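> With the sequence up front, the predicted model follows.
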Amino acid sequence: GENVEQHPSTLSVQEGDSAVIKCTYSDSASNYFPWYKQELGKRPQLIIDIRSNVGEKKDQRIAVTLNKTAKHFSLHITETQPEDSAVYFCAATIDSGGYQKVTFGTGTKLQVIP
Amino acid sequence: SAVISQKPSRDICQRGTSLTIQCQVDSQVTMMFWYRQQPGQSLTLIATANQGSEATYESGFVIDKFPISRPNLTFSTLTVSNMSPEDSSIYLCSALAIGLGQETQYFGPGTRLLVL
């Protein structure tokens, strides 16, 4: 099955600096890669996603890049703010026997220091 | 988008008992899922809830322990049976909704379960 690795597990940055979280996946059939932000005690919320036919996608301070050849994708947050502090999960989605299956990374706890 | 609600939001249960968690989506969705998340950990897929048929379980999860129903497109239940303290976790309902020709996964707020 699909295996998704995520690094780093924790990340501390100064407010205003950039943060980068990286994920690798094992199954080349994966074609959809969402990123979720989960604040303490709350549900995961989709913040950005990218599909396999695109190499980069940006939404204000957040961007995601995908390298299908190397099977890795990254989340970039620029001009970080304290409210960006949360746990971020990457995921890789693959179709399996007519069903979509999502495999999550292990999560990155981001702390933005004011 | 899809708004997902779950109840109960939390519960404290005695070992050996069972708890049924309900999940309601405000719009028709293609697929529904149940996840488990231990504090500080990632999300582990328990099963895919199939409308009108048996759920598809992931390795390590069985129907006798986690019976699932999905009688229609917008509602599903997960039962945690014969609970033990190891079942203490957050259980999250999730659904795939189609918007602008693409599917997006949404999550419910979770049910925080403590088994004594």
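Received, thanks.
> For the rest of this, base every contact and every neighbour count on C-alpha atoms.
Fine.
> Spell out which parts of chain B neighbour chain A.
Contact residues (CA under 8 Å from any CA of the partner chain) of chain B with chain A: B:41-44, B:105-110.
> longest strand anywhere in chain A?
Of all the elements of type strand in chain A, the one with the most residues (DSSP state E) is strand A:86-96.
> and it, which residues are buried?
A:86-94 (16 or more other CA atoms under 10 Å in any protein chain shown).
> Please go through those and note which also touch chain B.
Of the buried residues of strand A:86-96, the ones that also sit near chain B (CA under 8 Å from any CA) are A:Phe89.
> related to what we said a few turns ago, can I have the longest strand of chain A written out in CSV, keeping just the CAs?
This file holds the C-alpha atoms of strand A:86-96, laid out as CSV (Å, rounded to 0.1, in the frame of the first residue of the first chain):
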residue,chain,number,x,y,z
ALA,A,86,-1.0,24.1,14.3
VAL,A,87,-0.3,20.6,13.2
TYR,A,88,-0.1,20.1,9.4
PHE,A,89,-0.8,16.8,7.7
CYS,A,90,0.0,16.0,4.1
ALA,A,91,-1.9,13.2,2.3
ALA,A,92,-1.6,11.2,-0.9
THR,A,93,-4.7,9.9,-2.6
ILE,A,94,-4.9,6.8,-4.8
ASP,A,95,-7.8,5.1,-6.5
SER,A,96,-8.0,1.5,-5.4
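> close to chain B, is the next helix or strand after it?
Next helix or strand after strand A:86-96 toward the C-terminus (DSSP states H and E): strand A:99-104. Yes: applying CA under 8 Å from any CA, one finds strand A:99-104 touching chain B at A:Phe104.
> got the contact list for strand A:99-104?
Strand A:99-104 is contacted by residues A:2-4, A:89-95, B:42-44 when judged by CA atoms under 8 Å, 6 or more residues apart in numbering or on different chains.
> Quickly run through the sheet partners of the longest strand of chain A, with directions.
Using DSSP bridges, strand A:86-96 pairs in its sheet with strand A:32-38 (antiparallel), strand A:99-104 (antiparallel), strand A:108-113 (antiparallel).
> about what we covered before: closest one of the buried residues of strand A:86-96 to A:Pro114?
A:Ala86 (14.3 Å; CA to CA).
> what residues are up against the residue nearest to that closest one when sequence neighbours are not counted?
Distances taken as CA to CA, 6 or more residues apart in numbering or on different chains place A:Glu39 nearest to A:Ala86, at 4.8 Å, with adjacent residues excluded. Residues near A:Glu39 by CA under 8 Å, 6+ apart: A:85-87.
> Start and end of stretch B:5-14, how far apart?
25 Å (CA to CA, to the nearest Å).
> what separates that stretch from the chain centre, distance-wise?
In terms of CA atoms, centre = their mean, to the nearest Å, the gap separating the centre of stretch B:5-14 from the centre of its chain is 12 Å.
> now swap in stretch B:38-47 and tell me
Worked out by CA atoms, centre = their mean, stretch B:38-47 lies 11 Å from the chain centre.
> Next, the distance between the ends of that stretch.
16 Å.
> swap in stretch A:6-14?
End-to-end span of stretch A:6-14 (CA to CA): 21 Å.
> Would you mind listing the outside residues contacting that stretch?
Contacts of stretch A:6-14 (CA under 8 Å, 6+ apart): A:19, A:21-24, A:80, A:90, A:105-114.
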